[in-house]
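S.K.: only the shape, not the letters, is given here:
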C-alpha cells in the first residue's frame, strides 16, 4: 500500500499544475453554468459538456501527440493544420469518386505520412531549421487542399466514413475512442521500448547522441512522419464530422493549439524530456477554455488572445534567463534563526 501511495503522490506532484488548472477551469464553467458537469445517455451514447470537451478536443489531442514527439527532438511542426486540411480533402475526394471508405482513409493516411516524410527530410537531411521547413508546407498546404476540393466545400454521404466523426463505440464518440487509442499506442511505444529514451537523447544533444550510435536523422524523420500521421487522422475526423471537406477552415490555427497543449503539459520547447499524459491534460485544458468562452457568449476571436497570452507566459518561464534566476533562488541559503543572547 505504501509504494502505491508514494507513486500516487509523485504522480500528483509532477502533474499538479495541469490537474489544478483543469480543475479550476471546470469549476469556473460549473459556477457559470450549473449543469456543466451533467452527463446523460441517449440512444446508447453519452452526452454532456464533459463529453463534448473530449469529443471536440480530439483533433487537437491527436495533433498534440505527434507535436510532443517533434518538440522533444527540439523541433516544431507548423504544418499540422494544413496537413489536416489536405488529408481531409483527400479523404472526401476519394470517397466521393470511389465510394470506398477504406480507400479514402488509406489515401488520407498515406498523404499524412508523405507530408511528415517531406518535413523530416528537410529538417534531418537538409538541416533546414524546423520552423522554416514546416512553414513551407503550412503555407502551401492550404493551396493544395483547395486544389483538391476545387475551391468548394466537397461533401459526401458515405456512412462508413461519417462514422469516424459522428459514430460511437461503447457509448463514447468515435473521435474520443480514436484519440484515446492513439494516445495509448504512443505511450506504450515510447515508454515500453527504447524509442522514448532515444527521442529524449536526440532532443538534449543531437551530436552527442549521434556519437553514441543513435541514428538521429532517421529518428527525426520518424517523429515528423508520426506527426503527419496524427494530422491525417485528425483531418479524417474533421471531414467526417461535417460530412465534407472545407479546405479554408479545416485545421485552421490548430497548430497553435497543439503547441500550446504540449507546453502546458510540461514538455519544454528546448527539447529533451517529454510527457504524453501532460500533453493530454493540456489539450483538455485548452478545449475546456474554448467551451467556456463559447457558451459564455464571447466572440471566438477571444480564444486566440488568451492562447497567445498563455504561450508568452510559458515561453518566459522556460527562457534560460528565468530558469537561471530560479536556480539561483533555489540555491540561496536559508537565513539562520536569530538566537537570543542569555543575560549574564
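M.R.: Perfect, I can see it now. Quick caveat, the model's predicted, so the values are computed rather than measured.

S.K.: what's residue 280 in contact with, if anything?
M.R.: Applying C-beta atoms under 8 Å, 6 or more residues apart in numbering, we find residue 280 in contact with 61, 64, 183, 265. Every residue, glycine included, has its C-beta placed from N, CA and C.

S.K.: switch to 7 Å and redo it
M.R.: Counting by C-beta atoms under 7 Å, 6 or more residues apart in numbering, residue 280 touches 61, 183.

S.K.: spell out which helix or strand contains it, please.
M.R.: helix 276-296 (DSSP states H and E).

S.K.: name the next helix or strand following that helix along the chain.
M.R.: Toward the C-terminal end, the helix or strand that comes next after helix 276-296 (DSSP H and E) is helix 301-318.

S.K.: what angle do that next one and helix 276-296 make?
M.R.: With axes from the mean of the first three to the mean of the last three C-alpha atoms, to 10 degrees defining the directions, helix 301-318 sits at 150 degrees from helix 276-296.

S.K.: residue 161 and residue 94 touch, don't they?
M.R.: No - the pair residue 161 / residue 94 is not scored as a contact, 9.2 Å apart, by C-beta atoms under 7 Å.

S.K.: identify the contacts common to the two.
M.R.: In the contact map built from C-beta under 7 Å, 6+ apart, the residues linked to both residue 161 and residue 94 are residue 104.

S.K.: what about the residue most central in space within the chain, distance to residue 179?
M.R.: Nearest to the mean C-alpha position of the chain, by C-alpha atoms, centre = their mean, lies residue 64 at 1.3 Å. Distance of residue 64 to residue 179, computed by C-beta to C-beta, to the nearest Å: 9 Å.

S.K.: can you check residue 194 too?
M.R.: Counting by C-beta to C-beta, the gap from residue 194 to residue 179 is 25 Å.

S.K.: who has more neighbours, those two?
M.R.: residue 179 (27 against 10; other C-beta atoms under 10 Å).

S.K.: name the SS class of the more buried one, please.
M.R.: Following DSSP: H, G, I helix; E, B strand; the rest coil, we place residue 179 in the helix state.

S.K.: quick thing: my sequence starts at 606, can you match it?
M.R.: Renumbered: residue one is now 606, and that last one reads residue 784.

S.K.: show me where the stretch 656-805 of the chain has strands.
M.R.: In the stretch 656-805 of the chain, strands defined by DSSP state E, counting those that start in this stretch lie at 759-760, 773-774, 777-778, listed in chain order.

S.K.: among those strands, which is nearest residue 622?
M.R.: For the strands of the stretch 656-805 of the chain, proximity to residue 622 was assessed by C-beta to C-beta; strand 777-778 is nearest, at 27.4 Å.

S.K.: name the helices or strands packed onto the closest one?
M.R.: Where contact means 3 or more C-beta pairs under 7 Å, 6 or more residues apart in numbering; DSSP states H and E, strand 777-778 is not packed against any helix or strand.

S.K.: parallel or antiparallel, list what pairs with it.
M.R.: strand 773-774 (antiparallel) (DSSP bridges).

S.K.: chain center to the partner strand: distance?
M.R.: 22 Å (C-alpha atoms, centre = their mean, to the nearest Å).

S.K.: so which strand or helix has residue 866?
M.R.: Residue 866 belongs to helix 859-869, assigned by DSSP H and E.

S.K.: so residue 645, which of the three states?
M.R.: strand.

S.K.: can you count the residues close to the nearest residue to it once chain neighbours are set aside?
M.R.: Leaving aside its sequence neighbours, residue 645 sits nearest to residue 652 (C-beta to C-beta, 6 or more residues apart in numbering; 5.1 Å). Counted by other C-beta under 10 Å, the residues lying close to residue 652 total 16.

S.K.: I'd assumed residue 845 was in a helix, is it?
M.R.: Yes - Residue 845: assigned to a helix according to three-state DSSP.

S.K.: how far away is it from residue 812?
M.R.: Using C-beta to C-beta, residue 845 is found at 44 Å from residue 812.

S.K.: so for the two, which residue has more residues nearby?
M.R.: Neighbours per residue (other C-beta under 10 Å) separate residue 845 from residue 812, with residue 845 holding more: 29 against 9.

S.K.: let me see the contact set for the residue lying closest to the more buried one once chain neighbours are set aside.
M.R.: Nearest-residue entry for residue 845: residue 770, 2.8 Å, with adjacent residues in sequence omitted and distances by C-beta to C-beta, 6+ apart. Listed by C-beta under 7 Å, 6+ apart, the contact set of residue 770 reads 779, 780, 842, 845, 846.
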